[in-house]
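> A predicted structure for the sequence below; I have some questions about it.
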Amino acid sequence: MASENDDQASASRSFTGQGVSAEDMLKSQTVGLVHLSDFRKRRAEVLEQKEREAHDKSLGIITSGNSRSATPSTGDVTDGSSTPRSDGPPKKKKKKPLAKSKLSFGDDNEDTGEDSVATPRESSISRSGSKTPGEESTASSSRRMKANPNAPPPPKALTKAAVEAEAQARDTLRKEFLAMQEAVKNTEILVPFVFFDGTSIPAGSVKVKKGDPVWLFLDRCRKVGAELGVRGASGAAKAKRDNRREWARVSVDDLMLVKGDIIVPHHYEFYYFIANRVPSYSRAGGLLFDYSDQPPPARASEDPLYRPNDEQLEGADKEAAETKVVDRRWYEKNKHIYPASLWNEFEPGKEFEEKMTSTRRDAQGNTFFF
């Protein structure tokens, strides 16, 4: 009986010494730490070592069997006075609760009175041996990472055949667009115009194609002026024959095309303004050249000798006063006088749009020149 009491006392002393040494180890390893993550890491290492020692101790008891002379496991920590163990089952000892750490961090639950050494997550990990740390990290990452339902579908891998088919389709579309563009450019239109030298002089209309440049239109207007013998900038005192000679000597560079309040440069094509739908700033919501940007509809019976009349061409119903053919020499002398003072040479870009829209106009689109 005395031997059993001695065994229990030595086991109690050995367990108490082991608890004290684990606590001392935790205190010694956490002195001077300033980060909560470092403290938790050290605390987890100490708790894991404590569990491992207890596990090794239980395995040593099992392997020793009922022999009193069994050597204790390497995880046992004794006080040096080891005594033979009793044959009976060991009695459970109450573990001494670990003292609270003297280190304080902002996110510890101090108000609830919980132990600051072990959190619920870490204590569950130490108590359960069914999951390894790798499995636990994988399970936590799978809980955190979820598929985004709003994400676009992943791109499909393009094979060589798919790339070739896409290139062929792109080339087909490019050829179709070029064919349509060429058909639009070859469409004839009628452009009514007037000669302007302070007053509007009716001159009729000129037939051009949508792909023709402006200088070609002005050259045809010069020929119309020579045929009609209209008076030029020199006044009406000259005879009609002299006016024809004067128009014959006029160069295309001496003429200007003014559409509304915009001076159209010579090198631009009519198709540029039609395709880009350039607005006419003299009228709200209108276009500078209001013509269709689609090819004409195909007729049922295609006759190569068919030529539409001028009245059937697009633009025959346009207002002639909106398109002015002006002598550049007259413009240089009178560009400070209304309406030439409001004319601006066309420039593609936002700055030109802002300059034209900043001009004061009334409800009908007429410009205030004061």
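Done, it's in.

> so, low pLDDT: which residues of the stretch 51-200 of the chain?
Low-confidence segments of the stretch 51-200 of the chain (pLDDT under 70): 61-143.

> ok, 80 please
Within the stretch 51-200 of the chain, the stretches with pLDDT under 80 are 60-147, 155-157.

> helix, strand, or coil at residue 289?
Under DSSP: H, G, I helix; E, B strand; the rest coil, residue 289 falls in the coil class.

> so which strand or helix has the spatially closest residue to it that is not a sequence neighbour?
Distance criterion CB to CB, 6 or more residues apart in numbering; nearest residue to residue 289, sequence neighbours excluded, is residue 273 at 4.5 Å. Just so you know, the C-beta spots here come from the backbone N, C-alpha and C atoms, and that holds for glycine as well. Per DSSP states H and E, residue 273 falls inside helix 270-275.

> ok, the following helix or strand past that helix: who's next to it in the sheet?
Later in the chain than helix 270-275, the nearest helix or strand by DSSP H and E is strand 323-327. Looking at strand 323-327 with DSSP bridges, its partner strands are strand 188-196 (parallel), strand 255-259 (antiparallel).

> okay if I get these as TSV plus distance to residue 336?
Formatted as TSV, the strands paired with strand 323-327 follow (distance: least, CB to CB, whole Å):
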stretch	distance to residue 336
strand 188-196	16
strand 255-259	16
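
> let's have those in JSON lines, adding mean neighbour count and distance to residue 55.
What follows is the strands paired with strand 323-327, written out as JSON lines (neighbours: other CB atoms under 10 Å; distance: least, CB to CB, whole Å):
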{"stretch": "strand 188-196", "mean neighbour count": "21", "distance to residue 55": "97"}
{"stretch": "strand 255-259", "mean neighbour count": "21", "distance to residue 55": "95"}
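
> which of those sits closest to residue 244?
Ranking the strands paired with strand 323-327 by proximity to residue 244 (CB to CB) places strand 188-196 first, at 13.6 Å.

> C-alpha coordinates for the closest one, PDB please?
Extracted in PDB, the C-alpha atoms of strand 188-196 (Å, rounded to 0.1, in the frame of the first residue of the first chain):
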ATOM      1  CA  GLU A 188     -23.600  59.500-108.800                       C
ATOM      2  CA  ILE A 189     -25.200  62.400-107.000                       C
ATOM      3  CA  LEU A 190     -26.400  65.800-107.900                       C
ATOM      4  CA  VAL A 191     -25.000  68.900-106.100                       C
ATOM      5  CA  PRO A 192     -27.000  72.100-106.600                       C
ATOM      6  CA  PHE A 193     -24.900  75.300-106.000                       C
ATOM      7  CA  VAL A 194     -24.700  79.000-106.400                       C
ATOM      8  CA  PHE A 195     -21.900  81.400-107.200                       C
ATOM      9  CA  PHE A 196     -21.400  83.800-104.300                       C
END
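
> hmm, who's touching that strand?
Here strand 188-196 makes contact (CB atoms under 8 Å, 6 or more residues apart in numbering) with 200-210, 217, 221, 225, 230, 258, 270, 291, 308, 310, 313-316, 318-321, 323-326.

> cool, stretch 147-162 as well?
Contacts for stretch 147-162 (CB under 8 Å, 6+ apart): residue 166.

> CA atoms only: put it into PDB for me.
Extracted C-alpha coordinates of stretch 147-162, given in PDB (Å, rounded to 0.1, in the frame of the first residue of the first chain):
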ATOM      1  CA  ALA A 147     -16.300  30.700 -57.900                       C
ATOM      2  CA  ASN A 148     -17.400  34.200 -59.000                       C
ATOM      3  CA  PRO A 149     -20.800  33.700 -60.800                       C
ATOM      4  CA  ASN A 150     -20.300  37.100 -62.600                       C
ATOM      5  CA  ALA A 151     -16.900  36.200 -64.100                       C
ATOM      6  CA  PRO A 152     -16.800  35.900 -67.900                       C
ATOM      7  CA  PRO A 153     -16.300  32.400 -69.300                       C
ATOM      8  CA  PRO A 154     -12.700  31.400 -69.800                       C
ATOM      9  CA  PRO A 155     -11.300  31.800 -73.300                       C
ATOM     10  CA  LYS A 156     -11.300  28.700 -75.400                       C
ATOM     11  CA  ALA A 157      -8.100  27.300 -76.800                       C
ATOM     12  CA  LEU A 158      -7.900  28.100 -80.400                       C
ATOM     13  CA  THR A 159      -6.700  25.300 -82.700                       C
ATOM     14  CA  LYS A 160      -4.900  25.800 -85.900                       C
ATOM     15  CA  ALA A 161      -8.100  25.100 -87.900                       C
ATOM     16  CA  ALA A 162     -10.100  27.600 -85.800                       C
END
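
> residues contacting the residue nearest to residue 289?
Residue 273 neighbours (CB under 8 Å, 6+ apart): 264, 287, 288, 289.

> mind doing that once more with 10 Å?
By CB atoms under 10 Å, 6 or more residues apart in numbering, the contact set of residue 273 is 210, 214, 259, 262, 264, 279-280, 287-291, 346.
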